[in-house]
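1. Turn this into a structure:
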Amino acid sequence: MKSGAIKISLIYVAFGVLWITLSDSVILWISKGSSHNGIFNLLNMGKGILFVLVTGMVLFLLLNKLSKRNIRDEMQYRNIYEGNPSPIWFYDPKTFKFVSVNSAAIAAYGYTRDEFLQMSILDIRPAEDIDKVKKSYLGMSDNLHSSGVWRHTKKDGTVIYVTISSHKTHFNNEEVVMVMARDNTEKYLYELRLEEVNTELTMQKIEMMKNYTRLEDTLNSITDSFFTVNRYWTITQANSNFYKVTGIENDVIGKHLEEVFPMVQSDDFYQLSVQVMDDRIPLKQEGYTSILDKWISFSCFPTEEGIAIYFNDISVERKKDIELKEALERYDLASRATGDIIYDLDLTTEVLILNEQVRSLTMEPLPGPEELLTWWEDLIHPEDRERVTLRQQQRIEARDKYLESEYRIHIGHGKYKYVCDQGYLILDDNNQPTRLIGSIKDIDLLKRSTEQLKWNGEILKKINNPVIISNAEGNIIWVNPAFTTVTGYTEEETLGQNHMNILFSFKTNRLIVQQLLEAVKRNEAFSADMLNHTKSGCEYWVSLNLSPIFDSAGKLECYISVQNDITERKEREAVIGLQNEKLKAVSWLNSHEIRKPVASILALAGLMKTAEDENEKVELLFMLNRCAVELDEIIIEINAEASGDYIQI
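-> Numbering: from 1, shown residues only. All right, here's what the predicted structure looks like:
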């Protein structure tokens with residue numbers, strides 16, 4: 001507007017000056033041959049009338065053009081303001097009253113435009129946030145100000161969470177504040193829930209660590225010999241009974257297994273340990289070991305670091321029974337701290353003995369010893385009862401000494417809890433089952449937390465990063481909508497496929513692919529930058545994070561792959577790499593090529609000072625000129641290299 005007015009004024013002044021300068025000369029030229037002053041006066045008056053008419057017409061045309069342009073600009077700004085999908089409004093910082101709102105704000109909050117203009121920005125805030133809003137304005141700068149996430153209330157009372165961006169401006173010559181609000185309710189609530197879940201998992205982890213400490217103390221008190229080795233077959237832990245049974249007096253922690261047991265590789269139990277280390281599946285076996293010259297019961301379990309090995313000397317059956325009773329007593333003491341229920345079932349008389357911890361698990365009144373077994377079986381959930389009973393009978397008939405099952409029991413008032421029942425079967429001299437001794441753990445919190453995490457899989461559908469879930473064999477069983485959007489593959493096209501076959505191209509780094517396959521083989525997490533291609537063949541870079549998921553028994557359930565598009569970052573890295581190569585080339589030219597002509601010029605200049613013969617000076621000048629030309633060519637080459645257009649001279 002201001003520049004248009006200046007332009008019109010300059011045109012008017014220029015035209016007036018030209019008119020005054022030239023019009024008098026024209027009139028004098030026309031009336032030069034006439035002796036009548038009337039003609040001169042008439043022409044002079046006509047000049048003034050014509051000036052007014054012409055300048056009036058020019059001013060009208062210029063002002064009309066400026067007006068149309070202003071109207072067009074105003075309509076463009078209004079369309080940008082009204083057509084913005086995000087709610088925008090202006091408010092008076094003195095009264096906090098709304099001055100103007102766009103259509104997106106009306107649609108988002110439910111108020112009409114007239115209702116908005118009768119309200120203040122405090123009317124769409126919870127009462128407890130009003131003081132906070134006023135303080136936020138006092139801290140606002142003149143530049144764009146982002147004040148973070150705020151709570152707003154719609155006309156229907158719904159509370160939403162919005163991200164506010166604002167800055168001070170002028171509207172109708174009055175100081176106002178322009179605000180843009182973006183609704184981030186879904187994202188904010190998701191992050192809030194995720195934070196709560198993380199906090200809950202952290203607390204559970206702390207509790208698990210406490211239980212682990214208690215378990216470690218218990219391991220040192222039980223009669224089982226126990227030790228752990230890492231993936232390099234170095235012993236990392238051993239309890240006191242390990243030293244007692246093996247007869248080893250020196251500390252074995254930190255030593256290689258072959259250093260402690262030189263002939264270990266020839267032992268069958270070592271081969272069993274290797275199988276557990278490779279397959280990550282627990283194994284149990286009884287047999288003779290030449291290393292200790294004893295019959296032992298051997299149990300091997302995979303751990304995060306390697307494997308854990310439990311073994312007992314079962315050379316004398318009587319000694320084994322005594323050790324089992326002692327272990328039961330110690331487990332009973334441990335159960336008072338952990339909450340485990342210890343039981344002893346006489347299979348010949350069907351008399352069940354439970355320790356006092358059972359009272360902390362269920363509120364049902366305990367019957368007499370004769371009815372205790374039936375009472376406990378009745379507590380099992382009807383949907384689990386037949387399965388648990390049948391499985392226990394099959395394991396006993398198969399003489400499997402280790403029994404384990406999960407089921408729900410009634411704890412009172414129609415409520416159930418998940419428990420883990422782990423038992424050990426005792427056989428008599430005729431190999432007949434006589435007793436079943438075990439413990440029952442309360443795993444309700446862990447079980448329900450696991451189910452809750454599975455339910456939270458619905459959240460994966462809403463995130464923008466592609467997510468792939470594949471089974472233990474590496475075949476896709478689920479993808480989220482973001483995967484379809486990025487790759488172009490529908491869920492039906494991907495199910496049962498190996499995502500490496502459909503996403504990786506011949507340009508994908510083979511070394512990284514091999515590392516990925518090795519990590520999958522070891523059931524380990526893996527992360528790397530990978531080059532993928534879409535269904536249409538377009539290449540894009542992703543940051544891949546692959547994580548294995550295990551069930552409560554430590555068995556691999558599936559893999560979850562989360563991908564983050566880093567194509568833009570990779571393109572920037574490529575540009576930077578090209579620039580570095582150019583800089584290296586320029587640096588080489590500076591450090592090698594320039595030094596030669598420069599050194600020659602310096603030497604010739606020194607010779608010029610001492611030369612007395614004119615012919616010698618002419619020859620030196622010729623050589624000096626040739627070195628200068630050579631230096632100029634090198635500088636041209638450096639400029640071409642630096643600009644990216646290399647010219648071969």
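2. What separation is there between the nearest residue to Tyr416 once chain neighbours are set aside and Gln357?
-> Excluding its sequence neighbours, the residue lying closest to Tyr416 (C-beta to C-beta, 6 or more residues apart in numbering) is Arg408, at 4.1 Å. (Glycine included, C-beta is placed from N, CA and C.) Using C-beta to C-beta, to the nearest Å, one gets 18 Å for the distance from Arg408 to Gln357.
3. Could you do Ile409 as well?
-> Counting by C-beta to C-beta - Ile409 and Gln357 are separated by 13 Å.
4. what does Asn523 give?
-> As for Asn523, its distance to Gln357 is 35 Å (criterion: C-beta to C-beta).
5. Okay, buried residues for stretch 115-132 please.
-> Of the residues in stretch 115-132, those buried under the neighbour-count criterion (16 or more other C-beta atoms under 10 Å) are 116, 119-122, 124-125.
6. CA atoms only: put that stretch into PDB for me.
-> As requested, the backbone C-alpha atoms of stretch 115-132 are provided in PDB (Å, rounded to 0.1, in the frame of the first residue of the first chain):
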ATOM      1  CA  GLU A 115     -20.000 -16.600  20.200                       C
ATOM      2  CA  PHE A 116     -16.200 -16.500  19.900                       C
ATOM      3  CA  LEU A 117     -16.100 -12.700  19.600                       C
ATOM      4  CA  GLN A 118     -18.100 -12.400  22.800                       C
ATOM      5  CA  MET A 119     -15.500 -14.600  24.600                       C
ATOM      6  CA  SER A 120     -11.900 -14.400  25.800                       C
ATOM      7  CA  ILE A 121      -9.200 -17.000  25.400                       C
ATOM      8  CA  LEU A 122      -9.600 -17.700  29.100                       C
ATOM      9  CA  ASP A 123     -13.100 -19.100  28.400                       C
ATOM     10  CA  ILE A 124     -11.600 -22.100  26.500                       C
ATOM     11  CA  ARG A 125      -9.200 -23.000  29.300                       C
ATOM     12  CA  PRO A 126      -9.700 -25.000  32.400                       C
ATOM     13  CA  ALA A 127     -10.000 -22.700  35.400                       C
ATOM     14  CA  GLU A 128      -6.800 -24.000  37.000                       C
ATOM     15  CA  ASP A 129      -4.800 -22.900  33.900                       C
ATOM     16  CA  ILE A 130      -5.900 -19.300  33.700                       C
ATOM     17  CA  ASP A 131      -3.000 -17.900  35.800                       C
ATOM     18  CA  LYS A 132      -0.600 -19.900  33.800                       C
END
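7. How far does the one helix or strand Glu196 maps to sit from its chain's centre?
-> Mapping Glu196 onto the secondary structure by DSSP states H and E places it in helix 185-221. Between the mean C-alpha point of helix 185-221 and the mean C-alpha point of its chain there is a distance of 20 Å (C-alpha atoms, centre = their mean, to the nearest Å).
8. other SSEs contacting it?
-> In terms of contacts (3 or more C-beta pairs under 8 Å, 6 or more residues apart in numbering; DSSP states H and E), helix 185-221 is packed against strand 159-171, helix 317-338, helix 444-455.
9. could you dump the very next helix or strand once past the first one to PDB, C-alpha only?
-> By that I understand strand 159-171. Past strand 159-171, heading to the C-terminal end, the next element that is a helix or strand (DSSP H and E) is strand 174-183. This file holds the C-alpha atoms of strand 174-183, laid out as PDB (Å, rounded to 0.1, in the frame of the first residue of the first chain):
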ATOM      1  CA  GLU A 174      -4.300  -2.300  17.300                       C
ATOM      2  CA  GLU A 175      -1.700  -4.500  19.000                       C
ATOM      3  CA  VAL A 176      -2.900  -8.100  19.000                       C
ATOM      4  CA  VAL A 177      -1.600 -11.600  19.400                       C
ATOM      5  CA  MET A 178      -1.900 -14.200  16.600                       C
ATOM      6  CA  VAL A 179      -2.300 -17.800  17.800                       C
ATOM      7  CA  MET A 180      -2.200 -21.100  15.900                       C
ATOM      8  CA  ALA A 181      -3.400 -24.200  17.700                       C
ATOM      9  CA  ARG A 182      -2.600 -27.800  16.500                       C
ATOM     10  CA  ASP A 183      -4.700 -30.600  18.100                       C
END
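10. which SS class is the closest residue to Pro126 other than its chain neighbours?
-> The spatial neighbour of Pro126 that comes closest, neighbours along the chain excluded (C-beta to C-beta, 6+ apart), is Arg151 at 5.5 Å. Assigned by DSSP: H, G, I helix; E, B strand; the rest coil, the conformation of Arg151 is strand.
11. Arg151: what's it in contact with?
-> The neighbourhood of Arg151, defined by C-beta atoms under 8 Å, 6 or more residues apart in numbering, consists of 125-126, 129, 159-161.
12. if we take these, which one ends up nearest to Thr374?
-> Of all the contacts of Arg151, the one with the least separation from Thr374 (C-beta to C-beta) is Val159, at 54.3 Å.
13. wait, that closest one sits on Trp150?
-> No - using C-beta atoms under 8 Å, Val159 makes no contact with Trp150, being 10.6 Å away.
14. For these two, indicate the residue with more neighbours.
-> Under the criterion of other C-beta atoms under 10 Å, the comparison of Val159 against Trp150 puts Trp150 first, with 18 against 10.
15. buried set for stretch 180-197?
-> Within stretch 180-197, the residues scored as buried using 16+ other C-beta under 10 Å are 180-181, 183, 188.
16. re the thing from before, between Ile409 and Gln357, point out the one with more neighbours.
-> Just comparing Ile409 and Gln357: by other C-beta under 10 Å the higher neighbour count belongs to Ile409, 24 against 19.
17. And that one, how far from Leu403?
-> Distance of Ile409 to Leu403, given as C-beta to C-beta: 17 Å.
18. Same check on Lys154?
-> As defined by C-beta to C-beta, Lys154 lies at a distance of 59 Å from Leu403.
19. Which one's more surrounded, the two?
-> For the pair Lys154 and Leu403, the greater number of neighbours falls to Leu403 (17 against 13), based on other C-beta under 10 Å.
20. and that one, what are its bridge partners?
-> Here Leu403 sits in beta bridges with Gly423, as judged by DSSP bridges.
21. and which of the buried residues of stretch 115-132 is nearest Tyr540?
-> Within the buried residues of stretch 115-132, distances to Tyr540 taken as C-beta to C-beta reach their minimum at Ile124, with 41.5 Å.
22. Report the beta-bridge partners for the closest residue to that closest one other than its chain neighbours.
-> Of all residues beyond its chain neighbours, the one nearest Ile124 is His152 (5.1 Å), with distances taken as C-beta to C-beta, 6+ apart. Applying DSSP bridges to His152 yields these beta-bridge partners: Ile160.
23. Tell me, how many residues neighbour His152?
-> Considering only other C-beta under 10 Å, His152 is surrounded by 21 other residues.
24. so what's it scoring on pLDDT?
-> Reading off the confidence values, His152 has pLDDT 90.
25. go on, Arg572?
-> Each residue has a pLDDT score; the one for Arg572 is 74.
26. same thing with Thr213?
-> In the predicted model, Thr213 carries a pLDDT score of 68.
27. if I read this right, Pro87 contacts Met180, doesn't it?
-> Yes - at 7.3 Å, Pro87 and Met180 qualify as touching, with contact defined as C-beta under 8 Å.
28. what stretches of the stretch 451-600 of the chain score poorly on pLDDT?
-> In the predicted model of the stretch 451-600 of the chain, residues 451-462, 552-553, 573-596, 599 satisfy pLDDT under 70.
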